[in-house]
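Student: Provided below are the primary sequence and the corresponding predicted coordinates.
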Amino acid sequence: MRCNYGEVVYFNTASIFTGRQKYISLSFLELVMPTTYTDQFYIMDPANPPPVGTVLTVNLFDIVDQDDNLLIETGDGSTINGIDVTAIWPDDTITVTIGGVDVTFVGTTFYLANGTAVFTPTDGGVLETGVFVSSTFVVIQDDFPVGNLGPPCFTPGTMLETANGIKAVEALEVGDLILTADKGLVPVLFCNKRQLSSAHLSKNPKHRPIRIEKGALGDGVPSQDLTVSPQHRIMLRSKIALRMFGVTEVLVHAVHLQELPGVYRLEDATEATYIHVLVDHHAIIFAHDTPTETLYLGALAHEEFSRTEIAEILSNLPPNAVLDMAAARKLLRGKETKKLVLRHLKNDKLVIAEPTEARLLAQVVNA
C-alpha cells in the first residue's frame, strides 16, 4: 500500500502583533489501496522459447495493481504471483497445438524479478494445455492496461434472459438470441468454459467464485443467488453513483462488492466452472434479473484474436460487421467501487435502484 502525504498549515496572524509565532500543522494521508486481479498464464518467454514440442500448462496467478491506476507498470510495485514486474512486452504471440489444431494467442509477456517470464493472452482467448509450436516477440515495452486481463465468467446454473425465455448459461449455443439493455436481442457469437479443480482452488483461494445472495443489490436483485467469477462486472444504478461519478450506471467487479451484506467469496468451494459469453458488443445482459456484462475485449481488433477464434466468430457475423467493444458503461476501479459501496451503506440505499428500467428499455428496443 502506498500513501500520498499532504500538510495544511494554519498560521496565527496575531503573532504579528504579539511576537509569538504559533501554527497548527494538520497532516493527512490519502490511502491508495492496491487492487488484485486474476488471470491465466503460460510460463515461458516468446523471445527465448522452449524446444518445439514442449507441453505448456495453464497457470492462474494473482496480479496486483499496486497504485490502483488501472495499469500494470514496472517500478510501481505491481506484482504477478507476488513477484515484482520488471519488464512488459505487449503483442507477443505463442502458437500451440490443442486437440490437433494449431492455435495462436496474441498477448503480453511479463518479466519478473526472480527471472521468470510469463505470458497472458489479450485477444480474448482462453489458454489450454497445449504443445508449443512457435512464437514471435516485440522489442518495445509498454504498460499493461488491466482491461486486457482475462474474461469475466458466469457459473453453471446462472439463468440468462433470451428470446426463448430464461436459459441456463451452460446451455447457450452460438446463434442463440440473448437480451441486452441497449440493443435488444443479439446473437451469441462465442461461448467457452474453464474448470478449476479442488487442488487448484486450495492453492489459489482467491480464484474461488463470488456469491451474491438474493436481494443483496436491490429490491429482488438478484432474483435468486447469483455466482460469478471474482472479476465479473455487475452494473450498479443509483443517484449516489450519479453524484460521485457523473453517471447513474457504472460497472464494478463482483469481488469489490464484498462490503455489502450478502456478497462474499465461496471459501468452501471445492471446484469451479467458469463460462464466458461474447456478443457483438460489450453488452449489459440480465442474469437472475441482475444487470451484468458480457465478455469485454476493450479496443481489440479482429486480427488480435487467435486464428481459430477468428474463424468461429466471423462465421456468425453478418457481412462487414465489426465488434463494437467500447465499454458498455463507466468502469470503476477497486477503490472507487469501495467508496461507492460505503456511501450506499452509510445512507442505507440500494446499489441498484429501479432495477427494471434497463430491462424494460431492452424489451422496448426489441419489440
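Tutor: Yep, it's here.

Student: residue 243: which element?
Tutor: helix 239-245 (DSSP states H and E).

Student: what is that helix packed up against?
Tutor: Contacts of helix 239-245 with other secondary structure elements, assessed using 3 or more Cβ pairs under 8 Å, 6 or more residues apart in numbering; DSSP states H and E, are made with helix 334-346. For glycine as for every other residue, the C-beta is placed from the backbone atoms N, C-alpha and C.

Student: before we move on, back to that, after the helix holding residue 243 comes which helix or strand?
Tutor: Proceeding C-terminally, helix 239-245 gives way to strand 249-253 as the next helix or strand, assigned by DSSP H and E.

Student: quick one: contacts of that following strand?
Tutor: Among residues not part of strand 249-253, those counted as contacts by Cβ atoms under 8 Å, 6 or more residues apart in numbering are 230-237, 241, 293, 327-332, 334, 337, 340, 358.

Student: picking that back up, show me what the helix holding residue 243 is in contact with.
Tutor: Outside helix 239-245, the residues that touch it by Cβ under 8 Å, 6+ apart are 247-250, 330, 332, 336, 339-340, 343-344, 347, 349, 353.

Student: run the chain-centre distance for that helix.
Tutor: Using Cα atoms, centre = their mean, to the nearest Å, we find the averaged C-alpha position of helix 239-245 to lie 22 Å away from the chain's own average C-alpha position.

Student: buried stuff in it?
Tutor: Going by neighbour count (16 or more other Cβ atoms under 10 Å), the buried part of helix 239-245 is 240, 241.

Student: can you check stretch 36-54 too?
Tutor: 37, 38, 39, 40, 41, 42, 44, 45, 46, 49.

Student: name the SS class of the last one, please.
Tutor: Yep, that's residue 49 we're talking about. Remark: residue 49 carries the secondary structure label coil [criterion: DSSP: H, G, I helix; E, B strand; the rest coil].

Student: just the element for the nearest residue to it once chain neighbours are set aside, please.
Tutor: Sequence neighbours aside, residue 135 is the residue nearest to residue 49 in space, at 4.7 Å (criterion: Cβ to Cβ, 6 or more residues apart in numbering). When secondary structure is defined using DSSP H and E, the element that contains residue 135 is strand 130-136.

Student: which SSE is immediately downstream of that strand?
Tutor: Following the chain from strand 130-136 toward its C-terminal end, the next helix or strand by DSSP H and E is strand 144-145.

Student: tell me how the chain divides into domains.
Tutor: Listed by automatic domain parsing, the domain ranges of the chain are 2-32, 35-148, 159-366.

Student: sounds good, over and out.
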